[in-house]
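> got a predicted structure plus its sequence, pasted below:
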Amino acid sequence: MTLITLGPEGTFSHEMACRIDSGDIILVPTITSVFSEVIRTNISGIVPLENSEAGGVTTTLDCLTQFPVTITLESYLSIHHCLASFNPEKTITKVYAHPQSHEQCSRLIENLGLSVIHTESNAASALAMKADSGSAAIISENLANRHKIPVLLKNIENNTCNITRFIRISSLEQQITNPEKCSLLIDPGENRSGLLYDLLTPFKREDVNLTRIESRPSKRSMGRYVFFLDFQCEAGWKNAVNDLMAITTVKHLGCYSQWSDE
């Protein structure tokens, strides 16, 4: 099986894709381009959705609103970062980091007093650092080894239990037998008293456990939001979805199971 994911080689997305499938991996430069290529080629893609420290990956969330894709699988990866550079720690004044890596390692960056330059991926951070003397990069130890960059500090993430949740996306709808979880995008198109209560009531009524809810700007006007909702496929979840669709606009993002290599 072929998968599309964020490259170059050595990104956490690349590592996750290799774990899920041993087939060909197509690497593209941005998360948005993963979605674009999935639509263009009908090949499934792997993208990060949320991190236990930094929260939702905003580019992925926005792409889920824009592209007609379906989530077909979720997977989890323990994330560990290192500070890598060809220079001694005390001589470093700036660091290259992906925005998520920056947030996940913010305490160390603040303690060292480093200025941060954001990049599109951890792999891009490594390449940018190699071209900029006096700088460092926040990358994985595996990536540092790939680029032969000395590791100055290991496991620099704020939280030792740092985990990223990935999803597999497809341009083709798939029927999964006995899914574990479903995801929805809710676009109420209004802002009023009791709105969120009304949107969540069907799940309470049907005894369905919500595992995540997150808002993003609708990009139509200030104060208008869309909501991402994940829930377990239990009890009367189908009734809850039908009841929700009767009162608001819902984009069904897919029902799926969790991948594990155990």
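Received, thanks. Owing to the predicted nature of the structure, the values given are computational and were not obtained by experimental measurement.
> and I39, that's in a strand?
No. I39: not assigned to a strand; according to DSSP: H, G, I helix; E, B strand; the rest coil it is helix.
> residues contacting it?
Each residue near I39 by Cβ atoms under 8 Å, 6 or more residues apart in numbering is listed here: 67-69, 171. In short, each C-beta sits where N, CA and C put it, glycine included.
> now, among those residues, which is nearest to G45?
Nearest to G45, judged by Cβ to Cβ, of those is V69 at 8.0 Å.
> from memory the closest one sits against L172, does it?
No. V69 is not in contact with L172 according to Cβ atoms under 8 Å; the separation is 9.1 Å.
> overlap in contacts, the two.
Counting by Cβ under 8 Å, 6+ apart, no residue touches both V69 and L172.
> okay, these two: which has more neighbours?
Remark: of V69 and L172, V69 carries more neighbours, 24 against 10, as counted by other Cβ atoms under 10 Å.
> how about that one: what's its closest non-neighbour residue?
Spatial nearest neighbour of V69, chain neighbours left out: I169 (4.3 Å); criterion: Cβ to Cβ, 6 or more residues apart in numbering.
> what's the separation between the one you found and L244?
I169 sits 22 Å away from L244, going by Cβ to Cβ, to the nearest Å.
> cool, T58 as well?
Separation of T58 from L244 (Cβ to Cβ): 24 Å.
> now A17
According to Cβ to Cβ, A17 and L244 sit 33 Å apart.
> follow-up on the earlier one: okay, I169 and L244: which has more neighbours?
The neighbour count for I169 versus L244, taken as other Cβ under 10 Å, is higher for I169 (26 against 20).
> want to try a markdown table for the contacts of I39, with pLDDT as columns?
Putting those into a markdown table (pLDDT from 0 to 100) gives the following:
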| residue | pLDDT |
| --- | --- |
| F67 | 97 |
| P68 | 97 |
| V69 | 97 |
| S171 | 96 |
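> using CSV, list the CA coordinates for stretch 101-113.
Listed next in CSV are the C-alpha coordinates belonging to stretch 101-113 (Å, rounded to 0.1, in the frame of the first residue of the first chain):
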residue,chain,number,x,y,z
SER,A,101,7.8,21.4,18.2
HIS,A,102,8.3,25.0,19.5
GLU,A,103,5.2,24.8,21.7
GLN,A,104,6.1,21.3,22.9
CYS,A,105,9.6,22.4,23.9
SER,A,106,8.7,26.0,25.0
ARG,A,107,10.2,25.8,28.5
LEU,A,108,13.7,24.9,27.3
ILE,A,109,13.6,27.6,24.6
GLU,A,110,12.6,30.2,27.2
ASN,A,111,15.2,29.0,29.7
LEU,A,112,18.0,29.3,27.0
GLY,A,113,16.7,32.7,25.8
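> which parts of it are buried?
Buried residues in stretch 101-113, defined by neighbour count with 16 or more other Cβ atoms under 10 Å: 101-106, 108-109, 112.
> quick check, nearest of those to V95?
Taking the buried residues of stretch 101-113 together and measuring to V95 by Cβ to Cβ, the closest member is I109, at 6.5 Å.
> the closest one belongs to a strand, doesn't it?
No. Looking at I109 with three-state DSSP, it is helix, so not inside a strand.
> how is this protein partitioned into domains?
Domain assignment for the chain by automatic domain parsing gives 3-78+162-170, 82-153, 181-258.
> pLDDT averaged over the shortest one - what is it?
This points to domain 82-153. Average pLDDT, domain 82-153: 94.
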